[in-house]
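Q: my questions are about this predicted structure, shown below with the sequence.
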Amino acid sequence: MKSSLTAENKKGLIRIPLSFFIAKDEINTTAEIKIIVKTPIDTTERSTSISIFQDVTGKFAREGSASRESTKKNALIAVLCVLTVLTVIVAIVVVILWLRK
């Protein structure tokens, strides 16, 4: 997300509002803040990086993790069902071949 804000310093102090948006299932994110101060004589530039961490047990993080875990569990159950069906088919074929002798 790229955002730019320009303000004029009339009272000696400027407050710049910042807003950050983090995806529901993201645990942390980093951002770089660059501040450029221009005067008629000089220009100064400062930048800093910040990291924002969301609690893993937070509502949105839990919902995202739960849905991923649910998807993994469903995939595992599907694989196990297929393996069970294949095992039963192989067992039936072995019994049929054994009885033919």
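A: Arrived safely, thanks for sending.

Q: and D42, how many neighbours?
A: For D42, the neighbour count with other Cβ atoms under 10 Å is 7. All C-beta spots, glycine's among them, are computed from the backbone N, C-alpha and C.

Q: same check on the one 5 residues further on?
A: The number of residues packed near S47 is 9, by other Cβ under 10 Å.

Q: for it, give me its contacts.
A: 32-35 (Cβ atoms under 8 Å, 6 or more residues apart in numbering).

Q: 6 Å - rerun?
A: S47 is in contact with 32, 34, counting by Cβ atoms under 6 Å, 6 or more residues apart in numbering.

Q: tell me which element it is part of?
A: Using DSSP states H and E, the element containing S47 is strand 43-53.

Q: any idea which helix or strand comes after that strand?
A: Defined by DSSP H and E, the subsequent element after strand 43-53 is helix 59-100.

Q: which other helices and strands does that next one contact?
A: Helices and strands touching helix 59-100, as assessed by 3 or more Cβ pairs under 6 Å, 6 or more residues apart in numbering; DSSP states H and E, are absent.
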